[in-house]
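**Student:** okay, sequence plus prediction incoming.
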Amino acid sequence: MESRGRELRSRLDQQLINEILGAPKIGSCPQSICSISSDHRELPADLFVAICGDDFDATQKIPEAIEMGVQCIVTETEPPVDFDSSICWWQVDDARLSLALLEQAGAGSPAGKLRVFGITGTNGKSTTVQYLSSILKTAGGVVGWMTTVENCIGSSREAARATTESPAEIADALACHHAAGGTDMVLEVSSHAIDQHRVAGVPLEGAAITTLGRDHLDYHNSIEEYHATKLRLRELCNDGAPFLHPVEKQKTGCFGYLVAAPEGEIDEVTAEVLESTLSGTVARIRLKSFEREIHIRQPGTYNVSNALCAIALADACGISEAHIVEGIESAASVPGRLEAVEGGPGKIFIDFAHTPEAIEQVLQSIRPMVSGRLLVLFGCGGDRDRGKRPLMGAAVARYADELFVTSDNPRSEDPECIIHQISEGIGVHQLVRKEVDRRKAISNALDALEENDVLIIAGKGHEATQEIDGHKFPFNDCDVVRELIAQSHEREGELTR
């Protein structure tokens, strides 16, 4: 078959096509396929995977695809009665699954040439990926990662566009990383990606769930369904590969995970916070293979849980205690995760916390270290789970001395309505300031900040834009804070002249 469109790295022969798709409903399987597309805007291609999604039904574009020269169709629907038999039509149970398997095969099945790890969970995924990547590097690996924050492929690093990219982008990233001499890849895997099979065809050497809380109920029908989706990550693990699941501990500052070990045993690993400051945390970790104190550079007791998750997964995969300890204690912080911004009269931190559990963990960790007042600026995203908005308000009200309620990414919703829904959970609180404009709200919070106070600006973390009414505008919390502090210093300088 003549190649068109985006060429695959590895031509798919007839045997491989039949192994993935089975026998076609109509037509004969071609000798080979060199290009695939699931986006009608990227046609022509040899094969078009037509997916019926929530927002767009690509099966409506099949006639147009054929007019553009597509010779093979993969979809979940039956072909029309009078369909042209010269076109090959596969009817499959799950078009998204078929697409992912085709993309991995078309990239030369690179995941089988690397050690790939998967990290999912409600909170802590990016930080856990960072911890595990640091351990793997310390152990001598050439490590790449794909997270909400950034993708590191070979020696190239760039900002991520999604928590988990499309099957084509994942397959290409794995192939590029292997070609660059990579040995390991750590993937942050969202519940959407698991449900949509974006990482299908990627065998995992180990995987973990960091935490299980409430999120994405605009997509999943219930918390139970959301949690069940997270647990499906285990289905991608190789036989005998370790899989970690969080265990809830009643004692504050204690964390635990159950590890399904390669031998089939279930082990429990635990960690207990011994000392916590704004400069980091000391904890005692207990694994089957070793027990010791460890220093974590990042503040926040919940980071002990993230570190324990990475430690236990690395240990279950046979990495030495020495490499684990060095990797954790040298791990860099993730942008937008309790990221400190200097220059204000008190302490200022930017954090990505955008769920009730996450914001509570952050504030619960920071509150005992605040000698002055705790100020918190936050909002909730539009077009997302509305039920969590009052829960966010209630969580912040439990810990903050002063609340600044503002816009997050309102998207198509009225930001005033979102703020009202958040306020329903706050109840009676003496100091609550409401401001739709996030920049103005940050300015108000900085003006209120005094020596010994701590200001947490939550919700957006590393994000470089703010989405309002269908448009994305440049906006980064760290940059805005630095700009406002610089302007304040300039005004102070003018007054002293």
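**Tutor:** Thanks, I have the structure now. Every value quoted in this text rests on a predicted model; they were computed, and no experiment measured them.
**Student:** got a list of contacts for the longest helix seen in the chain?
**Tutor:** Identified as the longest helix of the chain according to DSSP state H is helix 477-495. Among residues not part of helix 477-495, those counted as contacts by CB atoms under 8 Å, 6 or more residues apart in numbering are 335-336, 339, 341, 343-344, 348, 350, 438-439, 442-443, 446, 457, 460-461, 463. Yep, even glycine has a C-beta here, placed from its N, CA and C like the rest.
**Student:** at 6 Å instead, please
**Tutor:** Outside helix 477-495, the residues within contact range by CB atoms under 6 Å, 6 or more residues apart in numbering are 341, 343-344, 350, 439, 442-443, 446, 457, 460.
**Student:** where do the helices sit along the stretch 51-200 of the chain?
**Tutor:** 62-67, 95-106, 125-138, 167-179, 191-195 (DSSP state H, counting those that start in this stretch).
**Student:** which parts of the stretch 101-250 of the chain are strands?
**Tutor:** 115-120, 143-146, 150-153, 156-159, 184-188, 206-209, 243-247 (DSSP state E, counting those that start in this stretch).
**Student:** mind putting those in JSON lines, distance to residue 300 and mean neighbour count included?
**Tutor:** Listed next are the strands of the stretch 101-250 of the chain as JSON lines, based on distance: least, CB to CB, whole Å; neighbours: other CB atoms under 10 Å:
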{"stretch": "strand 115-120", "distance to residue 300": "18", "mean neighbour count": "27"}
{"stretch": "strand 143-146", "distance to residue 300": "21", "mean neighbour count": "26"}
{"stretch": "strand 150-153", "distance to residue 300": "20", "mean neighbour count": "20"}
{"stretch": "strand 156-159", "distance to residue 300": "23", "mean neighbour count": "11"}
{"stretch": "strand 184-188", "distance to residue 300": "19", "mean neighbour count": "27"}
{"stretch": "strand 206-209", "distance to residue 300": "19", "mean neighbour count": "26"}
{"stretch": "strand 243-247", "distance to residue 300": "16", "mean neighbour count": "20"}
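**Student:** mind checking which of the ones you listed is nearest residue 218?
**Tutor:** The closest of the strands of the stretch 101-250 of the chain to residue 218 is strand 115-120. By CB to CB, the value is 18.0 Å.
**Student:** just checking, what packs against the closest one?
**Tutor:** Contact here means 3 or more CB pairs under 6 Å, 6 or more residues apart in numbering; DSSP states H and E; on that basis strand 115-120 packs against helix 125-138, strand 184-188, strand 206-209.
**Student:** that one pairs with which strands?
**Tutor:** If you go by DSSP bridges, strand 115-120 pairs up with strand 184-188 (parallel), strand 206-209 (parallel).
**Student:** without its sequence neighbours, what residue ends up closest to residue 308?
**Tutor:** Of all residues not flanking residue 308 in the chain, residue 271 sits nearest, at 4.2 Å (CB to CB, 6 or more residues apart in numbering).
**Student:** can I get the strands paired with strand 115-120 in TSV with distance to residue 225?
**Tutor:** Converted to TSV, those look like this (distance: least, CB to CB, whole Å):
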stretch	distance to residue 225
strand 184-188	21
strand 206-209	15
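**Student:** mind checking which of those strands is nearest residue 315?
**Tutor:** Of all the strands paired with strand 115-120, strand 206-209 comes closest under CB to CB, at 10.2 Å.
**Student:** circling back: dump the strands paired with strand 115-120 into TSV; add mean pLDDT and distance to residue 326 as well.
**Tutor:** Shown next, in TSV, are the strands paired with strand 115-120 (pLDDT from 0 to 100; distance: least, CB to CB, whole Å):
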stretch	mean pLDDT	distance to residue 326
strand 184-188	98	16
strand 206-209	98	19
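**Student:** how about those, which one is nearest residue 471?
**Tutor:** Among these, strand 184-188 sits nearest to residue 471 (CB to CB), with 26.7 Å.
**Student:** name the residues that touch the closest one?
**Tutor:** 114-119, 125-126, 129, 132-133, 136, 141, 143-147, 163, 177.
**Student:** what's the answer for stretch 310-325, then?
**Tutor:** Contacts for stretch 310-325 (CB under 6 Å, 6+ apart): 128, 131-132, 135, 138-139, 206, 208, 242, 244, 257, 259, 269, 287, 289-290.
**Student:** show me which of the residues you listed is closest to residue 428.
**Tutor:** Distances from residue 428 to the contacts of stretch 310-325, taken by CB to CB, are shortest for residue 128, at 37.7 Å.
**Student:** and the closest one, how many neighbours?
**Tutor:** When counting by other CB atoms under 10 Å, one arrives at 31 neighbours for residue 128.
**Student:** how about it, nearest residue that isn't a chain neighbour?
**Tutor:** Spatial nearest neighbour of residue 128, excluding adjacent residues (CB to CB, 6+ apart): residue 306 at 4.6 Å.
**Student:** so who does that neighbour touch?
**Tutor:** Applying CB under 6 Å, 6+ apart, the residues near residue 306 are 124, 127-128.
**Student:** show me what contacts residue 381?
**Tutor:** 408-409.
**Student:** one step back: correct me if wrong: the residue nearest to residue 308 contacts residue 304.
**Tutor:** Yes. Between residue 271 and residue 304 there is a contact under CB atoms under 6 Å: 5.1 Å.
**Student:** hey, what's residue 47 bridged with?
**Tutor:** Going by DSSP bridges, residue 47 forms beta bridges with residue 36, residue 72.
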